[in-house]
Every structure is written in C-alpha cells, then in structure tokens.
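K.L.:
Fold the stuff below for me.
(one chain, ligands or ions: 1)
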Amino acid sequence: MSLDGKRVLLIIAGGIAAYKALELVRLLTKEGCGVSCVLTKAGAQFVTPLSLQALSGAKVYTDLFSLTDENEMGHIELSRAADLVVVVPASADILAKMAAGLADDLATTLLLATDKPVLVAPAMNVRMWQHAATQANMATLNKRGVLVVPPDEGPMACGEFGPGRLAEPPAIVAAIAQTLAQILGAGGSLNGALAGKHALVTSGPTHEPIDPVRYLGNRSSGKQGHAIAAALAAYGARVTLVSGPVSIPDPAGVNVVHVETALEMLAAVREALPADVAVCAAAVADWRVETLAAHKIKKTNDAPPSLTLTENPDILRIISTPGPRRPKLVVGFAAETENLYTHAAAKRERKGCDWIIANNVGGTGIMGGDSNEVTLINAAGEEIWPVMGKHEVAVKLAALIAQEVA
Ligand code: CTP
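P.N.:
Below you'll find the model as predicted:
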C-alpha cells in the first residue's frame, strides 16, 4: 500500500530506542506520508524536537497546556487529523498509562481522545517486557484493538539479551502500511471484525522425548504462529493458542495452552474445539519414539542405540475431517524446500484443509528468523506474497480470515 498522502500521528515516548523514531520519520516522509510528532517529556531526554521537526518538516508538539498550540490546533483535533496513531517506542510506562486510561500529558491525552486505530511498537528491557504487569497491560490493550509491532529479540542497550528491542524502522513502516491498507479496506476500523468468534492456533515445535534428558525436535521458533494468534486477537477473536516449547513470550490477550509433545498438542486442540477458524502453524514432529526409555540411555562400547519411531497423529488432518465440530475455515502451513506449489497443493488435498500457507523454508533465516516468504493456496489457486515480516504475514492472514469467517 502506498503511504503517499496518508497521515500518521507519531508519539515518541521515553527510551533509548527513541533515536530509531528519527529513522522512522525519515522513512515515512520519504514515502510521502505526513507525520505529526508528539514528544513526551521522557522522549525529549533522548531526541530533540528540533531533529524531529527537521525530519518531519512539521511542528512538533510537546505540551498539553500550550496556548499557542491550542489556538492553532487543539489536542483533540490533533488526535483526529491522522489516519493512524503510532507509538514508537512504546515504553512500559506509556503502555501502563494507556491501559489505565491516564491522561496526564499531551501524548496520553491524545491516546485517550483519539477515535483512530492505534499501533504500538514496544521497546524496553527484557524483564520489563516479560513482567506480568506489562503483559497484563498488553492484554488489556490487545482486547481494545490496539495493534502491536512486537519487539525483536537480541542484545539490548542495557547489556541483556531477549525480547524487548524495538522492531527495526522498515518493519514498523511495513506494519503501518499494512494496517492502513486494512483500515481503509475495512471502512475505517479493524476493531471487532472477529468479535464473538473463536480462533484456534497451533504454534512452535513439539518435543518428542527419547529418554528423560533427550528429545526429537525441530527448529521452529513459534514466531509465525504466535504472531497469527496476536493478529486474530487484535481483530477481536477469542483466541486459544496451543504452543509447543518456545522461548518467545506468550502473546498478549490470548489464552495459551503449553504442551510438549504431538499427543499433548492433539489433546489440547480437541479440548479447545469447537472453533470458527483453526490455523495450524505448529511444526509438529512427524514421529515419536515408540518406547520411551525410563532412564538415560548410556553410551556403551557397542553400536549406538537404534530408535524405533512411530508416526504421530496428523493434527491438521484431524481438525479438517468433515463433521459438526469442523471449523468453518481450516488453515494449514506447508514447510517446503523445493517444488513449493506442487507439494503444498497436494498437502492441501491430502489434509483436507481449506487454505495452505506454503512456506519456503529453503532460504536461510526463515526458520527461526523474523521474515517469511509465503504463498497462499486455496481452491481458487495460488497467491504469491512478497517476503514480509512474520508480523505482517500474520496481520494480512488475519485480515483475510476476518473476511472469510466474520
Ligand atoms: N501438521 C499437524 N500434525 C502433524 C504434522 C503436520 O498438524 N503431525 C500440520 C502442520 O501444523 C502444518 C501442516 O500440517 O500446518 C503441514 O506440516 P508439514 O510439516 O509441512 O507437513 P507434513 O505433514 O509433516 O508433511 P511432509 O513432512 O511430508 O512435508
């Protein structure tokens, strides 16, 4: 979607990542997007109004009680003149204020007064992000339809490692473009398109134990499935996410059932049904060890142990089986490294699902990475999507699901 002529109200809260807001403004204005900046007091510790003004080419607002500003454009008007309100970086503090409905400065007053969709890109220390208070605030915001560009995982300015790093500016631009496309396509709002619907999502790998210390597994990070669960929740669905063992945080506003093995995943899925839509994004291990060793298998001087494997149940095929409990829409993934369309289309037929997201995992960095290259295959044929962030794939898929089952 072209950003030319669109208007974004950008709120810059406090945090070391605030410097990336400058790059975001540069990228947005380069695309022809009008950017009005609001800088919080804490944000002004990291970037100056002058830099933002130079890059946006527009007045930067900082003060709730400025007589001049009120005279030119009142704060209510400022919050409504934009197509989208974006908070970058969204600190733990501003997220808490948003969740509580506080309005003690210009930024929070605008956020409370706006009738426009709000997109937040959180950035904070990993412990602050994972803290139950922040996660509860995110859940509250999620339920209210606030959209999220989740933080990346990696080394942080504070010297720690984990989720909490601000998403990169190009990924935020892409999420803004995607959101605007959906808002304008949906007649102004995403909120509630899936209200009253139950969405079931599987995500992550499964671990199949060999003995008390070893397992069979795969490289799935769960990022794509978790992002889909979050996007469906942002559309107002009640979401049950059945997740294998992953190291990423539970998405906010989603009911997460944690499992280890394929058999546990199947049991959790059965328990969660009925659902209006099911998305099977989990990389379920195809096999499990027939007999689990009660004790750690010891090395001996003989040959290495041989494991007898038995096939795991195909959860996607079971969900897709026609019957009263079959969801109206069942979406599967097909991880392929070659002959993408042929293999994925055959998989759709074999499993009986409605849509397959064919996933080219041949490239480096797809499995476990932050971007994805997918093709949507349904009865009508195929639709090739460009390489996108996993968040964008999730939002685009959720939009299509909303059209299908709403
Ligand atoms: N799937 C599942 N249960 C399984 C295996 C796969 O629910 N036991 C689902 C996955 O969640 C995904 C789809 O089936 O939505 C395809 O998974 P994939 O690993 O690509 O296919 P497989 O069935 O394992 O086929 P193959 O390994 O032959 O490619």
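K.L.:
where does this protein have its least confident helix or strand?
P.N.:
helix 67-72 (a mean of 60; mean pLDDT, DSSP states H and E).
K.L.:
Is Val148 in contact with Ala231, as I believe?
P.N.:
No. Applying CB atoms under 8 Å as the test, Val148 and Ala231 come out as separate, 9.1 Å apart. Placement of C-beta: from N, CA and C, glycine included.
K.L.:
Looking at the two, which one has more neighbours?
P.N.:
Set Val148 next to Ala231 and count neighbours by other CB atoms under 10 Å: Ala231 wins out with 30 against 27.
K.L.:
and that one, what is it in contact with?
P.N.:
Counting by CB atoms under 8 Å, 6 or more residues apart in numbering, Ala231 touches His391, Ala394, Val395, Leu397, Ala398.
K.L.:
Same check on Ser247?
P.N.:
Ser221.
K.L.:
Show residues contacting stretch 196-203.
P.N.:
222, 224-226, 228-229, 232-233, 236-244, 246, 265, 269, 272-282, 284, 315, 319, 327, 401, 405-406.
K.L.:
Just give the nearest non-adjacent residue to the residue of the stretch 1-150 of the chain at minimum distance from the ligand, would you?
P.N.:
Nearest residue of the stretch 1-150 of the chain to the ligand, counting by CB to the nearest ligand atom: Pro150, 21.2 Å away. In space, and not counting its chain neighbours, Pro150 is closest to His391: 6.2 Å by CB to CB, 6 or more residues apart in numbering.
K.L.:
just Glu168 next, same as before
P.N.:
Per CB to CB, 6+ apart, closest to Glu168 is Asp152, 7.1 Å.
K.L.:
For that neighbour, give me the backbone phi and psi.
P.N.:
phi -80, psi 170 (degrees, to the nearest 10).
K.L.:
next one: Gly225
P.N.:
The phi/psi pair for Gly225 (degrees, to the nearest 10) is phi -60, psi -40.
K.L.:
could you measure the residue nearest to it when sequence neighbours are not counted against Ala171, distance?
P.N.:
Once flanking residues are discounted, Gly225 sits nearest to Ser203: 2.4 Å by CB to CB, 6+ apart. Using CB to CB, to the nearest Å, one gets 20 Å for the distance from Ser203 to Ala171.
K.L.:
Please identify which of those two sits among more neighbours.
P.N.:
Neighbours were counted for Ser203 and for Ala171 using other CB under 10 Å; Ser203 has more, 28 against 21.
K.L.:
beta partners for that one?
P.N.:
Note on Ser203: beta-bridge partners by DSSP bridges are Ser243.
K.L.:
Fine, thanks again, bye for now.
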